[in-house]
Structure formats: C-alpha cells, structure tokens
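*Asks:* Need a 3D model of the following:
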Amino acid sequence: MSRTAEPASVTVSTPSVLLNPSHTQHRPTAVGSADRIRVMKFVGIFAIGGTERQVVNIGKGLDKSRFDLRFATLNKVGELLAECDAQSWAIDEYKIRRLYGLATMRKQIEFGKTLRRARTQILHAYGIYPNVFAIPAARLAGVPVTIGSIRDIGDTYTYWQHQVQKHCLRMADHIVVNAEAIKRDLLQRGYDAKRLSVIPNGIDCERFRLPGNGEAVRREWNIPPGVPVVGVLARLLRIKGQDVFLRAAALIASTNPQVRFVIVGDNNIDQQYKEELKELTRRLGLEDRVIFTGFRMDVPDLLAALSIVVSPSLGLEGLSNSLLESMATGLPVVATRVGGTPEIVEDGESGLLVPPGDPSALAAAISRLLQDRMTAKRLGQSARRQVLSRYSLEQAVASTERLYEDLLLQARHKGRVKERARS
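*Replies:* Residues are numbered from 1 along each chain as shown. Coordinates of the predicted model:
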C-alpha cells in the first residue's frame, strides 16, 4: 500500500519507553507471534566508532525470535565486519561517490527493490549520509516504518547539509537521538518534538569489569607497574581534540615527568591529522612519554592498564561510547563540556568537566586526579554506578525493541502494513 504525501506523526512516549521498568519486560510482537519483524539497519561504514559499535551491539541484543535483522551500508569495510559475519547477518553494499546525481538515484532504486524483495517492515538509518540516501528510497518503496538517527550535534555540517538532512527526515516516521543535547538542538532547528525519541547508548557493563591490573598491556607498552597512565580513546579526528590532550600532557610532564600518555585510535581514511599529532609530540618533547596504539579491539584490557581516561572533544559528541565504557570500568574521567557529555558526567560527582580547547584547564583537572587518589577513586566508583543504573546495553536494546513494535503497530492501524502470507 502506498504511503501518503506527509508521514503521520507518531506519539511514542520517550519517558515511558526509557524510564518505566515494565517496558524492559518481554512483550509479544505487534504483528503476531508467528511472524518476526523484518528490520533493515543502514550504516555508512563498519569502522570502529561510537555509532557503528552501538548498531552492532544492539543488533546482537535484539530478540532473534521477534526480529529478523539485516544490514545495508554505503561502504562494506571496517573492523566490525568480523562481528557481523559471526552473526551471519546479510549485508548489502550501495557504494556511491556523492549523495546526488543519476548514479546515486540508480543505487537508491536498487536499494528500494531490495527492501521490497525482503518485505522490509522497518528501515532504520544511522547518520547524515544513510539518512539522506536510505529514507527517501524506503519511503518510495512503501516500507511501513522509516526511522532516522542523529547521533551528534553536527557542529561540522554546513548549512545545506543540515537542510538536506532535515528535508529527508521529514519523510521518516520517527527520529532517534542518543542525547538530550541533540534533541534540544533539533528542536531549535525546527524538528517536530512528537517524532523525536532519546535512546541513550548502552554499554555491556559485564564486559567492562576491570580484568586484573593491566600488567600484560603495560609490559607491551614498556610501562613499569605503579606509573600513572593517562589515556584517550577516540578516532583520530580534529574534532576529537587529541592535539589539545597533547598540549595538556606537556604541561603535566613539566611537573610530573613520571606520567605516561596513551592515544588509542586511528583513522585509515585520512592520515594527515595522525601525522600532525606525531609531529606535535616531537615538538613538545614527548616522544618518550606518549604512545600511539592505533586501532585496538581489546578495549577492556587497555582500560585496565590506565589510571585516568580523558575525553578532550571539541564538539560533535552525542553520548561518547568510549567515555561510557571507561566509566563502566570504574576509572576516573576528565571530559570537555560539549554535546551530551554533561548528561553522563556530573562535574565533581562522576568525573570532572572542563571547557573544550583549553589545555591548561585540562591539565589542571588531570593533575588534580593524579595527586588526589581518594577523589579519583570516589569519582570512578560513582561513574560505574551511574552507567550500571542508566546506560546498560539491556536498557538500550529494550527501548529499541519497544520503539520498533510501537511504530509498527501504529503503522498497521493506519493501514500501511499489508497482510501477507507467512513465509
């Protein structure tokens, strides 16, 4: 059945989805217990990143007896593909050079055919490029429910990028964000509050219980036991602020030469910033004190070797996965006051917050935790309790399942879901 010209507003109640414990219970599917809901998730790439990690983790957590999951992507590459293969997920690639033009339209038509062939009931796109590519195609293909996701503030987007995404998201039934800060930003940009839900990131808290004392990783890094190690875990991007971290490290090293610094992450697409960071390390005289690890999959083991975790982001953040993972281990954190970070780090209670782009303030906060071990321990314990109570993977999965079922039920009531013979 074809869709009407304007998508009808839905009335999913975000507070009831996220905060009412009864909503984490198993509930029957909206389309009959014998049918699984057919979901297509669309991501830009499968590289290690906060969005990609959340998509894969929530995909693993969805109840397989209730949801039939498959994926599509603009670029079928990345470290997380191995985990997808282990789940036997079907992944279709739609490689394009730009978001407009005849070649892109052909790919969108091809994607629409895939959606119809798979009898997709829910299309969920993540990020500006998947939103713009996939949502119009799904709308034209008659997919009953289309969902977009915005997972950062979009500080680096141009005016026209914001406008194009907003136009495409008008075609979606609902938009999921992972932070209240993003929701506020979208409301200021004129988005419809009735079509917005906040589902925070979810962390596998059991995986991030500290495994031992990190001795093996410290030996790999040639760092003796007892030496403080301060680390950043993030993709190497200017907006992530690793250069600010290095300047703060130089200030700390001038008065505390024992401290070591670790930068975990890489950027296989653009190596320029990485080379600039290494040159800055040399100029600051930190070659013997800073370790660049590149991409690592053994994040819990790395965290076990750290004393403090820093998030020096300059902007863009929704909810930082690496920050939540660090907090889940009970490590003290220092973070910049950007995006959704103040929602998960309460200054002086579950971590320390500093202004973005201020090496002196960052160095002062890190030094405070290095000098006051009792405060560092208290903040770390409080951070772990907070993640366990508010940001577990189980909560994120349950909220996502509830949203899918509610939206599909509403679509059925509006006559969008065709009654089909069961396969």
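
*Asks:* and stretch 365-376, which residues are buried?
*Replies:* Neighbour counts over stretch 365-376 (16 or more other C-beta atoms under 10 Å) mark A365, I366, S367, L369, L370, A376 as buried. All C-beta spots, glycine's among them, are computed from the backbone N, C-alpha and C.

*Asks:* Put together TSV for the residues you listed, with pLDDT and secondary structure on each row.
*Replies:* Listed next are the buried residues of stretch 365-376 as TSV, based on pLDDT from 0 to 100; DSSP: H, G, I helix; E, B strand; the rest coil:
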residue	pLDDT	secondary structure
A365	98	helix
I366	98	helix
S367	98	helix
L369	98	helix
L370	97	helix
A376	97	helix
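
*Asks:* any chance of these in TSV, with distance to P342 too?
*Replies:* Supplementary listing: those in TSV, determined by distance: C-beta to C-beta, whole Å:
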residue	distance to P342
A365	14
I366	18
S367	22
L369	18
L370	23
A376	20
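
*Asks:* List just the nearest of these to V164.
*Replies:* Nearest to V164 among the buried residues of stretch 365-376 is A365, at 38.6 Å by C-beta to C-beta.

*Asks:* ok, the closest one - contacts?
*Replies:* For A365, the contact set (C-beta atoms under 8 Å, 6 or more residues apart in numbering) comprises V334, L352, V354.

*Asks:* what do you get if the cut-off is 10 Å, keeping everything else the same?
*Replies:* Residues in contact with A365, defined by C-beta atoms under 10 Å, 6 or more residues apart in numbering, are 248, 308, 310, 332-336, 347, 351-354, 358.

*Asks:* From these, which land in helices?
*Replies:* Among these, the residues falling in helices (DSSP state H) are A248.

*Asks:* Buried subset of the contacts of A365 as a ChimeraX selection?
*Replies:* Buried residues within the contacts of A365, as defined by 16+ other C-beta under 10 Å, are selected in ChimeraX through the command that follows:
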select :248,308,310,332,333,334,335,336,351,352,353,354,358
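
*Asks:* got the CA coordinates for the one helix or strand E275 maps to in CSV?
*Replies:* E275 is located in helix 272-283, with elements delineated by DSSP states H and E. What follows is helix 272-283, C-alpha atoms only, in CSV (Å, rounded to 0.1, in the frame of the first residue of the first chain):
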residue,chain,number,x,y,z
GLN,A,272,47.1,13.7,7.9
TYR,A,273,45.9,14.5,11.4
LYS,A,274,47.7,11.5,12.7
GLU,A,275,51.0,12.7,11.2
GLU,A,276,50.3,16.2,12.7
LEU,A,277,49.8,14.7,16.1
LYS,A,278,53.1,12.8,15.9
GLU,A,279,54.9,15.9,14.8
LEU,A,280,53.3,17.9,17.7
THR,A,281,54.5,15.1,20.0
ARG,A,282,58.1,15.6,18.8
ARG,A,283,57.9,19.4,19.1
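
*Asks:* Centre of the chain to that helix, how far?
*Replies:* How far helix 272-283 lies from its chain's middle: 26 Å, per C-alpha atoms, centre = their mean, to the nearest Å.

*Asks:* Quick one: list the elements packing against that helix.
*Replies:* When contacts are defined as 3 or more C-beta pairs under 10 Å, 6 or more residues apart in numbering; DSSP states H and E, helix 272-283 sits against helix 242-255, strand 260-264, strand 290-294.

*Asks:* Highest average neighbour count across the ones you listed: which stretch is it?
*Replies:* Among these, ranked by average contacts under mean count of other C-beta atoms under 10 Å, first place goes to strand 260-264 (a mean of 23).

*Asks:* which stretches of the stretch 101-250 of the chain aren't confidently modelled?
*Replies:* Within the stretch 101-250 of the chain, the stretches with pLDDT under 70 are 210-211.

*Asks:* what's the closest of the helices and strands packed on helix 272-283 to Q54?
*Replies:* Checked against C-beta to C-beta, the stretch from the helices and strands packed on helix 272-283 lying closest is strand 260-264, at 18.2 Å.

*Asks:* the inter-axis angle of the closest one versus helix 242-255?
*Replies:* Inter-element angle recorded for strand 260-264 and helix 242-255: 170 degrees (by axes from the mean of the first three to the mean of the last three C-alpha atoms, to 10 degrees).

*Asks:* can you list the domain ranges for this protein.
*Replies:* Using automatic domain parsing, the domain parsing of the chain gives 14-202+392-413, 215-390.
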